[in-house]
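Got a predicted structure plus its sequence, pasted below:
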Amino acid sequence: MPVISKSIWRRKRTWFAPIFLAAILIFIQLFYQRFGASFSDSYYQLVMIMFIAIVIAFLGERIEKVRILNEMNENLKKESEKLEDANKELEAFAYSVSHDLRVPLRAIDGFSRIVIEDYEDKLDDEGKRLLNVVRENTQKMGQLIDDILLLSRAGRQEMRISPIDMESLVKNIFEELKPSMEDRDVQLEIKSLPQAYGDRTLITQVLTNLISNSIKFTRIRENAVIEVGAKKEKDENIYYVKDNGAGFDMKYVNKLFGLFQRLHGVDEFEGTGVGLSIVQRIIRRHGGRVWGEGKIDNGATIYFTLPKP
């Protein structure tokens, strides 16, 4: 018997015990009266007092448990409000800092470009290389800032729930990402994709991140295959994006959706380690779940669920 069922049964037995005792006493009293006999009044009164005491003790225990539970719920509500305020402050801080960082980064990139263009004849090859390294790193920092802003926006943006044609959305995203697949053989396979219900902008971001990742990590394949599909469950639809790319070691799966966590070196694949964190935040806001499966050099699959209306 499941633990919950046992707990319910114990509570029923606790309530049943004094009632059962009282029923027995009443039955015995009626039985004795039928034959012209009865309990001693003092004995009967003593038993009834014991019965009432048991009921009062039981009710007192229940009242105390309810009081403690209400107090715990109130404390939990206060802590939840504090956590929500802290998250809002953190998101506002990240948004503000990211905006403030853009200006000096643009200046560094701009002045580096001017030096390369205007003083090209005065710079040796090493000087040009170093300035290009500066520009590359400012561009990486710019991408990181953009990703942080997307992460912040994913938690702050007001959601507008509507039906979403997932098959059409996947096709449009793949078309938009084609410039990143120049001179590559990348095949998109779309399986059955049931209609989803969610914020179209946010779900577009989810699929864009996942398909972009698959395009990136299949770069090592001569014939890359990206499969997008789903299966229907009772209360939710489970969608997935699968590829035959580099994959990952499942012992690090807990790091997969961590902020700034990377399971591949920067020299292998570019990226900031924020993309899957954005996916997780958006799906959780929709009341869904997200997880991944993979194997080194044998591809990866990212799953996410969206509740049915």
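Nice, I can see it. Numbers count the residues shown, from 1 in each chain.

State the next helix or strand along the chain beyond the helix ranked longest in the chain.
Longest helix of the chain, by residue count under DSSP state H: helix 41-118. Next along the chain after helix 41-118, taking DSSP states H and E as the criterion, comes helix 125-156.

From the contact counts, what lies against that next one?
Secondary-structure packing of helix 125-156 (3 or more Cβ pairs under 8 Å, 6 or more residues apart in numbering; DSSP states H and E): helix 41-118, helix 200-217, helix 275-285. Any C-beta I mention is one placed from the backbone N, CA and C, and that applies to glycine too.

I'd like these as JSON lines, with distance to Asp147 and mean neighbour count appended.
Below are the helices and strands packed on helix 125-156 laid out as JSON lines (distance: least, Cβ to Cβ, whole Å; neighbours: other Cβ atoms under 10 Å):
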{"stretch": "helix 41-118", "distance to Asp147": "9", "mean neighbour count": "12"}
{"stretch": "helix 200-217", "distance to Asp147": "10", "mean neighbour count": "21"}
{"stretch": "helix 275-285", "distance to Asp147": "7", "mean neighbour count": "22"}
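
Arg153: neighbouring residues, count only.
Arg153 has 17 neighbours, counted by other Cβ atoms under 10 Å.

My error: substitute Leu193 in the last question.
18.

Let me know whether it touches Val228 as I believe.
Yes. The pair Leu193 / Val228 is scored as a contact, 6.8 Å apart, by Cβ atoms under 8 Å.

list residues touching both of these two?
By Cβ atoms under 8 Å, 6 or more residues apart in numbering, Leu193 and Val228 have these common neighbours: Val170, Tyr239.

can you give me the angle the longest helix of the chain makes with helix 125-156?
150 degrees (axes from the mean of the first three to the mean of the last three Cα atoms, to 10 degrees).

Parallel or antiparallel, which strands does the lengthiest strand in the chain pair with?
In the chain, assigned by DSSP state E, the strand with the most residues is strand 223-232. If you go by DSSP bridges, strand 223-232 pairs up with strand 185-190 (parallel), strand 236-243 (antiparallel).

Out of those, which is the most enclosed?
Across the strands paired with strand 223-232, averaging neighbours per residue (mean count of other Cβ atoms under 10 Å) puts strand 236-243 on top, at a mean of 21.

Alpha carbons only: can I get that strand in CSV?
The C-alpha coordinates for strand 236-243 follow below in CSV (Å, rounded to 0.1, in the frame of the first residue of the first chain):
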residue,chain,number,x,y,z
GLU,A,236,1.1,17.6,-21.6
ASN,A,237,2.9,17.4,-24.9
ILE,A,238,6.5,16.3,-24.8
TYR,A,239,8.6,18.0,-27.6
TYR,A,240,12.2,17.2,-28.4
VAL,A,241,15.1,18.4,-30.6
LYS,A,242,17.5,15.6,-31.5
ASP,A,243,20.8,15.6,-33.5
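
Low-confidence stretches in the stretch 101-250 of the chain?
Low-confidence segments of the stretch 101-250 of the chain, defined by pLDDT under 70: 152, 155-156.

quick one, phi/psi of Pro163?
Main-chain torsions, Pro163, degrees, to the nearest 10: phi -70, psi 140.
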